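>>> just coords:
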């Protein structure tokens, strides 16, 4: 299927140029604007790397200032606590139920699978009102635990199905050998299935982490001032500091840094997770 | 021995059931509990800060439908569904095919990373960056055009006539890479590769191969991709919230944003619940073909 004719080379060059421009421009603009002063931005002189880079923009965004009150450092902490907790808990418990779904064939497990399948596509809008009542009634809304708990409700089905899909691909012989040796299902899961599925866990963890880190609707509706995530504070900053695009871009870079680092260094797991979620589930 | 055979049929002891299932069941019950709770709320008369579970039937649905905003929402959501999904899928198919054909492996690796990185970004971040790109007076695109000597002064999302289209463009930008890798991986089945090889031997042109052989054979992958994109565009909230907040006026309002404003700003909770139910039912209908397909695959 491969050719190296001249017209093919031209086509490749054109597509390369167009895509590079369209996808690198926003990234470039984000970085370059974040390093400009407010004067340079309002004069329209921010597209070239001239002048003194304003690193202080980042400290201003992180720790707050007169013109940027929505300091991000604590919110970054909130996002980290919430996202890592949800990811770890969902991977652990989702692994258990994913194993059940992938191994047990009964009428009950079919019903369960259908319920989980529908749950995957449940819009957050249809659960948010009761959730906010629960958060207010139990007082959980004021703590990280409340948001962690809410995100678990919404991400457990996904974690179970994704991990279950990976478990389906594991040859049964391994488990049967352990079974003959008298191991219980629980032992088999923790001693045989889990250790050889670590790459699967990595993929699922990255997907869940990115989803929770980037989630906005639930975070906006449930978070109190003490538990606000970076996404919420960014939306708030955009509403109140409409003019200061350099600070907004600095905030955007900070908000995107964590998942982007995961993407750059663990891209393979990332892609595998996306494909598992899309193609097999 | 008897114990072993019992296990082979897949039966578990009580403790095993408890360990494997309790967490999922607990969260599933909560999830479905909140779903039915919301459905019930939509039929009650809750329209202030304080809960009111007095049953009123369809009162708040009628209220919703009569609002001018509702019609705008439906039209905008339809625009999102059509323009957010089909252009993305079409471009993704051609781009994925191009990546398969390209004789330069480095080009392929580069493009995949290049168009996929937005998947790691939130709509809030993307929306913030594109707000700056779109900013009419000093924003990036108009400034760039001015440098090239073109005084286009595009109004982007400040023009109520076209604002939604510019928002949809952000969505396409963000989801293109995701779509390409899904299409590309559905190319890579051995049966399909053999069919393509055979067609090349027969001397079929590349475009003919794409339309006559590849497309009919990746229907499963396309169904999945289209369903996922349909759901995302139906639920679209973040982009609209951050870039225009439904404005100018109500020109870019969508169901999900209306739901949030109705519930959390106007405290018309029953009406908000009704909008939630409408979004739920529509997304449920949209994923039916996909769900059937996925269940068949899982249980085959």
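Nice, I can see it. Since the structure is predicted, the reported quantities are computational estimates derived from the model, not experimental observations. Numbers count the residues shown, from 1 in each chain, chains lettered A, B, ... in the order given.

>>> Find the centremost residue of chain A, please.
Centroid-nearest residue in chain A, with CA atoms, centre = their mean: residue A:210, separated by 0.9 Å.

>>> any idea how far that residue is from chain B?
Noted for residue A:210: a distance of 6 Å to chain B, by CB to the nearest CB, to the nearest Å. Yep, even glycine has a C-beta here, placed from its N, CA and C like the rest.

>>> what does residue A:254 give?
Distance from residue A:254 to chain B, by CB to the nearest CB: 10 Å.

>>> Mind telling me what element that residue is part of?
Assigned by DSSP states H and E, residue A:254 belongs to helix A:245-265.

>>> For that helix, what does the pLDDT average out to?
What helix A:245-265 shows for mean pLDDT is 90.

>>> pLDDT weak spots in the chain?
Just going to use chain A. A:1-4, A:240-243, A:278-281 (pLDDT under 70).

>>> try again with chain B
Scanning chain B with the threshold set as pLDDT under 70 gives B:1-11.

>>> and the most centrally placed residue in it, how far is that from residue B:172?
Nearest to the mean C-alpha position of chain B, counting by CA atoms, centre = their mean, stands residue B:232 at 1.4 Å. According to CB to CB, to the nearest Å, residue B:232 and residue B:172 sit 11 Å apart.

>>> list the residues that contact both of those two?
Taking CB atoms under 8 Å, 6 or more residues apart in numbering or on different chains as the contact rule, residue B:232 and residue B:172 both touch residue B:84.

>>> surely residue A:121 meets residue B:285?
No. Using CB atoms under 8 Å, residue A:121 is not in contact with residue B:285, being 10.9 Å away.

>>> Between the two, tell me which one has more neighbours.
When residue A:121 and residue B:285 are compared for neighbours, residue A:121 comes out ahead with 19 against 10, by other CB atoms under 10 Å in any protein chain shown.

>>> Find the nearest non-adjacent residue to the more buried one, please.
residue B:287 (5.1 Å; CB to CB, 6 or more residues apart in numbering or on different chains).

>>> cool, and residue A:157?
Nearest residue to residue A:157, sequence neighbours excluded (CB to CB, 6+ apart): residue A:119, at 3.9 Å.

>>> Next up, the contacts around the one you found.
A:157, B:28, B:31, B:32.

>>> Next secondary structure element downstream of the helix or strand hosting the residue nearest to the centre of chain A?
Assigning secondary structure by DSSP H and E places residue A:210 in helix A:198-214. The first helix or strand that comes after helix A:198-214 along the chain, using DSSP H and E, is helix A:217-222.

>>> And chain B, is that next one touching that?
Yes. Residues of helix A:217-222 contacting chain B under CB under 8 Å from any CB of the partner chain: A:217, A:220, A:221.

>>> which residues touch the second one?
Going back to what we said before, that points to residue A:220. Contacts of residue A:220 by CB under 8 Å, 6+ apart are A:231, A:232, A:235, B:241, B:260.

>>> OK, contacts around the last one?
Taking CB under 8 Å, 6+ apart as the criterion, residue B:260 is in contact with A:125, A:217, A:220, A:221, B:237, B:241, B:272.
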